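> Okay, predicted coordinates and the sequence, questions at the end:
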Amino acid sequence: SRPVVAIVGRPNVGKSTIFNRIIGDRLAIVEDKPGITRDRIYGTAEWNGIPFSVIDTGGIEIDGEDAILKSIRMQAELAIEEADVIVFMCEAKSGLTNADEEVAQILFRSGKPVVVAVNKVDNLSRMDEIYEFYSLGFGDPIAMSGSHGTGVGDLLDAVTVLL
Ligand code: GDP
Ligand code: MG
């Protein structure tokens, strides 16, 4: 079956926006598995002739810092279980946060291949915004803008070489 790419990251970084740009209108129908909360949306896509599935995590929004951290942690763990490659989405406007660092630790321990995407780089003259994300230790961060649609091809190039 198709390899799986999961998009994880804290709320509001633009995961769903990028997910929609990747899948276009190819939303997959998913059967509910009994006893499992389906906090994820699946789609399908193809890039460079490689078909794959995409998971958008983080459908449930919970208020309160502790609850958010708990749900991000849970989503990261689910993504690790299901994904062949993980897109770790951050964003340039708020920069690198403690929650990002926490997710990074979970992903790092998993040993799964991770591509860091830095969304909301809406102005390409501000590419310097991505440099701090090198410190996460997952290699070259990919600059993108879900609003403008830039960087999606770069992200998919980086992801598909790992599939
Ligand atoms: P999610 O919670 O990670 O799934 O994030 P969403 O995709 O729902 O996006 C959260 C907010 O950020 C929405 O208001 C989006 O319109 C906005 N957003 C998404 N991508 C970008 C971007 O590239 N630049 C800017 N400025 N805003 C964005
Ligand atoms: Mg979302």
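Sure, I can see it. Residues are numbered from 1 along each chain as shown. Ligands and ions are numbered 1, 2, ... in the order given.
> Just the element for Val5, please.
Applying DSSP states H and E as the criterion places Val5 in strand 4-8.
> what's the helix or strand just after that strand in contact with?
On the C-terminal side of strand 4-8, the closest following helix or strand by DSSP H and E is helix 15-23. Here helix 15-23 makes contact (C-beta atoms under 8 Å, 6 or more residues apart in numbering) with 7-9, 41, 43-45, 54, 56-58, 87, 89, 117, 119, 144, 146-147, 149, 152, 155-156. To be clear about C-beta, it is placed using only N, CA and C from the backbone, and glycine gets the same treatment.
> can you list the residues of this protein near ligand 2?
Selection of the chain residues close to ligand 2 by C-beta under 5 Å from the ion yields Lys15, Ser16, Gly58.
> tell me the contacts of Glu82?
Contacts of Glu82 (C-beta under 8 Å, 6+ apart): Val4, Ala6, Ile55.
> which secondary structure element contains the last one?
When elements are assigned from DSSP H and E, Ile55 belongs to strand 50-57.
> again with Gln75
Counting by DSSP H and E, Gln75 is part of helix 65-82.
> Check which element follows that helix along the chain.
Following helix 65-82 in sequence, per DSSP H and E, is strand 85-91.
> what packs against that next one?
Judged by 3 or more C-beta pairs under 8 Å, 6 or more residues apart in numbering; DSSP states H and E, strand 85-91 is in contact with strand 4-8, helix 15-23, helix 98-110, strand 114-119, helix 152-160.
> Just send the residues of the chain next to ligand 2 back as JSON lines, with neighbour count, pLDDT and distance to ligand 1 too.
As requested, the residues of the chain next to ligand 2 are exported to JSON lines (neighbours: other C-beta atoms under 10 Å; pLDDT from 0 to 100; distance: C-beta to the nearest ligand atom, whole Å):
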{"residue": "Lys15", "neighbour count": "27", "pLDDT": "93", "distance to ligand 1": "3"}
{"residue": "Ser16", "neighbour count": "16", "pLDDT": "91", "distance to ligand 1": "3"}
{"residue": "Gly58", "neighbour count": "25", "pLDDT": "74", "distance to ligand 1": "6"}
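> and of those, the nearest to Gly24?
Ser16 (13.8 Å; C-beta to C-beta).
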